[in-house]
Every structure is written in structure tokens, then in C-alpha cells.
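Colleague: how would this look folded up:
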Amino acid sequence: LVFSDLGESYVLQIGNGVLHHRQAPPAGDANATLQLTKPFFLRMLTGGAGAKDLLLSDQTKIEGSRIDLGRFFALLDKAPGNFPIVTR
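Modeller: Take a look at the predicted model:
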């Protein structure tokens, strides 16, 4: 992920069902690199923007395999609507 508005980039990997991330320049051997703004990324995470928005938005740029990028996002579960933050 490259946040164009912040000048920050992160490398994401999934291993053994766990999402790992580190702040680093885009990996040369990455299947895909997604460049977008942080507000657009937050809209994606909260369900305000979907795959169509990702592909057609002028706030995003995809380098590499769009199919692999789609598969990556398909691995992420959507959080349930309301859940208790503090339980007893």
C-alpha cells in the first residue's frame, strides 16, 4: 500500500492466516501495489467503497496483478456491525 497523500508505504503479507505489515518502500517482488489516499482506504475498510470504486476511482492506482489484489482483499473478513469493545 502506498498512501499518496501521506507519502507513506506499507508492505502487507498474509501468512498462516495472519496479516503482517511493515512500513517500507514497495517490494519489488510484490504481486500488486495499490496507491491510494488514506481517506479512500478508510472508506474501503468501513464498507463505504467497494471493488468497483477501487477500480474506477481517480484516487487509486494499481500496479501489477489486479486479480491477485482482489484475491488478497477477499481473504479479509468484514467485521460484524456492532460488537462489544468491553465485556465482563
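Colleague: which SS state does I67 fall under?
Modeller: Per DSSP: H, G, I helix; E, B strand; the rest coil, the secondary structure class of I67 is helix.
Colleague: Now do the strands in this structure.
Modeller: Taking DSSP state E as the criterion, the chain contains strands spanning 2-3, 8-15, 18-23, 32-36, 60-64.
Colleague: List the residue ranges of the chain that fall below the pLDDT cut-off.
Modeller: 79-81, 83, 87-88 (pLDDT under 70).
Colleague: switch to 80 and redo it
Modeller: For the chain, the stretches flagged by pLDDT under 80 are 45-47, 50-51, 55, 76-88.
Colleague: I'd like the strands of the chain as CSV, with distance to L76 and mean neighbour count appended.
Modeller: All C-beta atoms are positioned from the backbone trio N, CA, C, and that covers glycine. Listed next are these as CSV, based on distance: least, Cβ to Cβ, whole Å; neighbours: other Cβ atoms under 10 Å:
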stretch, distance to L76, mean neighbour count
strand 2-3, 18, 16
strand 8-15, 9, 12
strand 18-23, 7, 9
strand 32-36, 13, 18
strand 60-64, 17, 14
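Colleague: could those strands be laid out in a markdown table, adding distance to D53?
Modeller: Formatted as a markdown table, the strands of the chain follow (distance: least, Cβ to Cβ, whole Å):
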| stretch | distance to D53 |
| --- | --- |
| strand 2-3 | 17 |
| strand 8-15 | 19 |
| strand 18-23 | 22 |
| strand 32-36 | 10 |
| strand 60-64 | 8 |
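Colleague: and V86, which of the ones you listed is closest to it?
Modeller: strand 18-23 (24.1 Å; Cβ to Cβ).
Colleague: which residues touch stretch 27-45?
Modeller: Identification of contacts with stretch 27-45 by Cβ atoms under 8 Å, 6 or more residues apart in numbering yields 1-6, 11, 26, 49-50, 53-54, 57, 59-66, 68-69, 72.
Colleague: same thing but 10 Å
Modeller: 1-6, 8-9, 11-13, 26, 48-51, 53-54, 57-73, 76, 78-79 (Cβ atoms under 10 Å, 6 or more residues apart in numbering).
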